[in-house]
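Chemist: Quick one: sequence plus predicted model below, questions after.
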Amino acid sequence: MGRGGEGAEELLARVAARYQAEAVVPRCARCREPCCRLATLALEFTWERLRAVWRLEESRAAFDARLARGEGPPELKAEGGLYYAHGRPCPAYRGGVCAVYGTPAKPPGCTDFPVYVEDGALVADRRCEAVDLDDLEARLLAALGPRGRLRRRVDRAFPTLTRLEPRPQTREEGRP
């Protein structure tokens, strides 16, 4: 799909990473609603990341029991061996700075937001004020090359998410 033998997932990941670096991250410092406040985002944590971010000293079993009794942090929910945080500021976000930035404790959702690869598409979360769908689409089309085509689709279940799906050429389009 990509130039130079690059696969579809690699191409999408490259476009997403470059967009994050060039268009999203430079705006984070002046954002009106930093993601780290967790007001509208749900973040996924493994036990190791949760323990580091929430600075937990107890065992996982003890923490899970406390959480099940309703005595844990109210923003946390456990499900399927993972933990989800929503609705309160991240405890790692102190003084306008992420204390776990650049460390293994930083959740992947923080790094990936607001543009990430999912099921063969580039997904953009429009809750982020830095997202410009037209710019992102132009970048992806440029990476796909002159015959690249996309389908832009709003997610029905999560209407703030827009999927940019590369579309294969039809036989007619592939002919000179």
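Modeler: Yep, that arrived.
Chemist: quick one, strands of the chain?
Modeler: 42-45, 76-79, 82-86, 93-94, 97-98, 115-118, 121-125, 150-154, 161-166 (DSSP state E).
Chemist: Could you dump these into JSON lines and include distance to Leu67?
Modeler: For glycine as for every other residue, the C-beta is placed from the backbone atoms N, C-alpha and C. Formatted as JSON lines, those follow (distance: least, Cβ to Cβ, whole Å):
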{"stretch": "strand 42-45", "distance to Leu67": "12"}
{"stretch": "strand 76-79", "distance to Leu67": "6"}
{"stretch": "strand 82-86", "distance to Leu67": "8"}
{"stretch": "strand 93-94", "distance to Leu67": "21"}
{"stretch": "strand 97-98", "distance to Leu67": "24"}
{"stretch": "strand 115-118", "distance to Leu67": "27"}
{"stretch": "strand 121-125", "distance to Leu67": "27"}
{"stretch": "strand 150-154", "distance to Leu67": "34"}
{"stretch": "strand 161-166", "distance to Leu67": "28"}
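Chemist: deepest of those, which one?
Modeler: strand 121-125 (a mean of 22; mean count of other Cβ atoms under 10 Å).
Chemist: Which strands or helices does that one pack on?
Modeler: Secondary-structure packing of strand 121-125 (3 or more Cβ pairs under 8 Å, 6 or more residues apart in numbering; DSSP states H and E): helix 8-19, strand 115-118, helix 133-144, strand 161-166.
Chemist: Let's have these in TSV, adding distance to Val53 and mean pLDDT.
Modeler: Output for the helices and strands packed on strand 121-125, formatted as TSV (distance: least, Cβ to Cβ, whole Å; pLDDT from 0 to 100):
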stretch	distance to Val53	mean pLDDT
helix 8-19	23	92
strand 115-118	20	91
helix 133-144	29	95
strand 161-166	25	94
